[in-house]
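*Asks:* Attaching a predicted model along with its sequence, questions to come.
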Amino acid sequence: MLRNGLVVDGSGGAPYRGDVAIKGDRIAAVGAVAGHGRDEIDVRGQAITPGFVNMLSWATESLIADGRGLSDLAQGVTVEIFGEGSSMGPLNDRMKAEMTKSQVDIHYAITWTTLREYLEMLQHKGITLNVGSFVGAATVRDYVVGQDNRVATAEELAQMRALVRRAMADGAFGVGAALIYVPGTFATTDELVELSREAAAAGGMYIAHIRNEGTRLLAAVDETIDISRRAGIRAEIYHFKAGGKPAWPLLPDAIARIEQARAAGVSISANMYTYPAAATGLDAVMPPWVREGGEDKWFARLKDPAIRARVAKEMNELTDAWDNMWVGTGPDGILLVSFKNPALKKYTGKRLSDVAKELGKSPEETAMDLVVEDQTRVGAIYFSQSEDNVRKVVALPWVSFGSDEGAEEPEGVFLMSKPHPRAYGNIARLFARYVRDEHRVTLQEAVRRAAALPAANLKLDHRGTLRAGNFADVVVLDPATIQDHATFDQPQQLATGVAHVFVNGVPEIRNGSYTGAKAGRALYGPGMR
């Protein structure tokens, strides 16, 4: 029994003083609750909220390494949703071998084939957080077509559609696309519509890292709206933003286009992270053609002097052909954060421009050399956005929140690289900076958009609000003291201000301390059979 708290129930309605009773894995009552609980907790002066949904999580590997997921749990996150473009199933033997080879700091055996088998593996292993996933559009393309830049044949498209149907029956929440990464970038709009129709038939949604967040932002938003209309499917844009200074003025028009589509009956929403910097790999500064066919072919091409000269030239061209993050950010705005090669880890936390000076090479050469020497895409943070634009997006009522990072711990294997601070602070920063300090969003609206909105978009059954009969994903936080502490220089610092977190009725954090319960479950979409 949580007594005397400020109940912020996720509906968006005004908070009120009251109690929340938990019985088993469900909420038994909310309001002025009579009687006594076996366990009574006085939470006077604190807010009681539903657990928060991380709409864009990359905890796919971090939860294998350590099921606690403290960086998110400490912020009140209780649900992790995977599947930005690629997913942990379906896999064939070739894909398993490639995934094993590309593992960086976290190493694991791939014992599953389907997406459902992966989610069940996590639950059986023991995790604190609930987990679910979209099926990756790039994953089904890779399974059938491989990583070549070509249009899928009719037969191949039929196979891809069948894989989506199977994934939806296995509990995927829909189809997730990432259209700046190989092989996802090779998918046509028509292909995405066909895959989305299969997801729509099972009640799922289409969610995408759109084709261009830079100078072609408006066209990329239009493509997403078009897919939603043609496939008859709910749609969402991952980490909605204008990336790169030339694109910053486009954000108001992008917002207007989405709101016009919503007014016309198109079901489209977005999510965001609460920082003016992105994180991806150095592949995002190189043209798609050099990455065709997979990583091994990419690495081999970057050893050819003629190809290197062409890549360096195209890296510096403002183009509509691909989302060029080099032009939008520049080497001074690229922070290197993750390497596989032990000899290169000394560059972790350094700007690409500084590493180039240290090596006596151009920044373009340095980026290519690091990729070749590391045999990975090399993790990097891009300072590509405007804080004013972040404030615009954080105020939008149809935007939820996703960290675009793993759920990890500030210890062990996780100290071998540096994540984006959003891994440790995305939700806490929402409440500390944009609710409490800047008053951009009210407390009840922030809770609605961090819990009820994504749960409703996902058709997540009986979660996202404090209501009798719902699963007891419940958080107790102090709105006056909740705070993110992660910085770009020191990102691995847990947020504070969350006293209690219940997952499926079990206390995972009690009085600010981790309990070790690991009551997280695999969650499934509306088409699951």
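*Replies:* On my side now, so go ahead. Numbers count the residues shown, from 1 in each chain.
*Asks:* I'd like the distance between residue 55 and residue 450.
*Replies:* Using C-beta to C-beta, to the nearest Å, residue 55 is found at 9 Å from residue 450. (Glycine included, C-beta is placed from N, CA and C.)
*Asks:* which residues are common contacts for these two?
*Replies:* Shared contacts of residue 55 and residue 450, defined by C-beta atoms under 8 Å, 6 or more residues apart in numbering, are found at 400, 401.
*Asks:* where along the stretch 301-450 of the chain do the strands fall?
*Replies:* Using DSSP state E, counting those that start in this stretch, the strands of the stretch 301-450 of the chain run over 334-338, 379-382, 399-401.
*Asks:* By residue count, tell me the biggest strand in this structure.
*Replies:* If you go by DSSP state E, the chain has its longest strand at strand 16-23.
*Asks:* Show me what it is packed against.
*Replies:* Applying 3 or more C-beta pairs under 8 Å, 6 or more residues apart in numbering; DSSP states H and E, one finds that strand 16-23 makes contact with strand 2-7, strand 26-31.
*Asks:* ok, now how distant is the closest residue to residue 369 other than its chain neighbours from residue 307?
*Replies:* With C-beta to C-beta, 6 or more residues apart in numbering as the criterion, residue 369 has its nearest non-adjacent residue at 7.0 Å, and that residue is residue 361. The spacing between residue 361 and residue 307, counted by C-beta to C-beta, is 17 Å.
*Asks:* in the stretch 1-150 of the chain, which spans are strands?
*Replies:* Using DSSP E, counting those that start in this stretch, the strands of the stretch 1-150 of the chain run over 2-7, 16-23, 26-31, 41-42, 47-50, 52-54, 77-82, 130-133, 135-136.
*Asks:* how many degrees apart are the third one and strand 2-7 in direction?
*Replies:* By that I understand strand 26-31. 70 degrees (axes from the mean of the first three to the mean of the last three C-alpha atoms, to 10 degrees).
*Asks:* Find out how far the host helix or strand of residue 199 is from the centre of the chain, if you would.
*Replies:* Applying DSSP states H and E as the criterion places residue 199 in helix 189-201. With C-alpha atoms, centre = their mean, to the nearest Å as the basis, helix 189-201 stands 21 Å off its chain's centre.
*Asks:* Could you list every helix and strand that that helix packs against?
*Replies:* Contact partners of helix 189-201 among helices and strands, from 3+ C-beta pairs under 8 Å, 6+ apart: helix 137-144, helix 154-169, strand 174-178, strand 205-209, helix 217-231.
*Asks:* As CSV, these with mean pLDDT and distance to residue 487 would be great.
*Replies:* Formatted as CSV, these follow (pLDDT from 0 to 100; distance: least, C-beta to C-beta, whole Å):
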stretch, mean pLDDT, distance to residue 487
helix 137-144, 98, 32
helix 154-169, 98, 38
strand 174-178, 98, 27
strand 205-209, 98, 25
helix 217-231, 98, 28
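*Asks:* what's the most buried one of those?
*Replies:* Across the helices and strands packed on helix 189-201, averaging neighbours per residue (mean count of other C-beta atoms under 10 Å) puts strand 174-178 on top, at a mean of 30.
*Asks:* In contact with the residue lying closest to residue 238 once chain neighbours are set aside, which residues?
*Replies:* Among residues not flanking residue 238 along the chain, residue 209 sits closest, at 4.5 Å (C-beta to C-beta, 6+ apart). The contact partners of residue 209, by C-beta under 8 Å, 6+ apart, come to 84, 85, 177, 178, 179, 180, 181, 238, 239.
*Asks:* Assess the claim that the third one and residue 141 are in contact.
*Replies:* If I follow you right, that is residue 177. No - using C-beta atoms under 8 Å as the test, residue 177 is too far from residue 141 to be in contact (9.6 Å).
*Asks:* and for the two, which residues touch both?
*Replies:* 184, 187.
*Asks:* about what we covered before: go through the helices and strands packed on helix 189-201 and name the closest to residue 401.
*Replies:* Taking C-beta to C-beta, strand 205-209 is the member of the helices and strands packed on helix 189-201 nearest to residue 401, at 13.8 Å.
*Asks:* what distance separates that closest one from the centre of its chain?
*Replies:* Centroid separation between strand 205-209 and its chain, computed with C-alpha atoms, centre = their mean, is 11 Å.
*Asks:* Distance of residue 523 relative to residue 273?
*Replies:* Distance, residue 523 to residue 273, using C-beta to C-beta: 22 Å.
*Asks:* Quick check on those two: which one has the bigger neighbour count.
*Replies:* Between residue 523 and residue 273, counted using other C-beta atoms under 10 Å, the more crowded position is residue 273 (32 against 23).
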